[in-house]
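Engineer: One predicted model, sequence on top.
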Amino acid sequence: MLMLTAPRLLQPHVEATSPPKPPTTGTPKGNSTPGTTRPATTCKQTNQPLTAINANNGSDFTISANPSFWFYVPYSQDEVKTAEFLLLDGQEHNTLYHGAVKLAAKPGLIKISLPANSPHSLQPNQNYRWYLLLKCQASHSDEPDAVVDGWIQRKIVDSDRVHNLTLDKSQSLNFYTKNNIWYDAVNHLAELHFQYPDDAAIQAAWNNLLQLLGKQWVAQETFIGSTTVTSDGN
């Protein structure tokens, strides 16, 4: 739960440079924007592509068993036939989640969360593969037109640390960024950014994080909705 009054959030003590080199125990890289799919021919032309708000640097971690994912979607609900989110195990043998994503009447940022208390919660130190797939209205193919994909791995943090992170919002951001906990850093700051739009420290921290991730342009985008993916795979 977010606080009812704006916390005094300090800007993260990180430099706006390339993300750190991934460790050997990290995650593979994915595609934060569409690669070999066909958005240019079947989807409306946009200034910015479908984009995952993550580091995609081989060190995309979370400390949450049921994390959230943020995306910029450049299309409205009228321009997309279907939008789907999938989460698979690291070998891509089993689909843990496969659910429809509800878009809004305008482009913007969306949040996709995994449900709490699920039998498919992320296990520690295991890689998982996720996909966001869009099929645009002009498409006549069975294949998606725009796809972004990535990896996520859950790290274990001791209970005292988790308690302190809950109490101290500025400490949590510094901890996330220093330890490559990028999914939680994005979710943490995005929620504060949209809840407290007049807090200068929060807005500066959001801008700095996006600059660190190489996605500065996202700072001007609005939040258009959230989805909890509850459709489990087989």
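Structural biologist: That came through fine.

Engineer: Residues touching the helix or strand containing Ile224, excluding its own?
Structural biologist: Taking DSSP states H and E as the definition, Ile224 sits inside strand 223-228. Residues outside strand 223-228 that contact it (C-beta atoms under 8 Å, 6 or more residues apart in numbering): 73, 85, 99, 101-104, 106-115, 190, 194. Where C-beta positions appear, they are placed from N, C-alpha and C, glycine not excepted.

Engineer: Could you tell me which of the residues you listed count as buried?
Structural biologist: Among these, those classed as buried by neighbour count (16 or more other C-beta atoms under 10 Å) are 73, 85, 99, 101, 103, 107-114, 190.

Engineer: could you point out which element follows the worst-scoring helix or strand of the chain on mean pLDDT?
Structural biologist: When the helices and strands of the chain are scored by mean pLDDT, DSSP states H and E, helix 159-167 comes last with a mean of 60. Following helix 159-167 in sequence order, the next helix or strand is helix 169-178 (DSSP H and E).

Engineer: The very next helix or strand once past that next one: which residues count as buried?
Structural biologist: Per DSSP H and E, helix 169-178 leads on to helix 182-195 as the next helix or strand towards the C-terminus. Across helix 182-195, burial judged by 16+ other C-beta under 10 Å covers Trp182, Tyr183, Asp184, Ala185, Val186, Asn187, His188, Leu189, Ala190, Glu191, Leu192, His193.

Engineer: ok, now stretch 193-208?
Structural biologist: For stretch 193-208, by 16+ other C-beta under 10 Å, it's His193, Tyr196, Asp199, Ala201, Ile202, Gln203, Ala205, Trp206, Asn207, Asn208.
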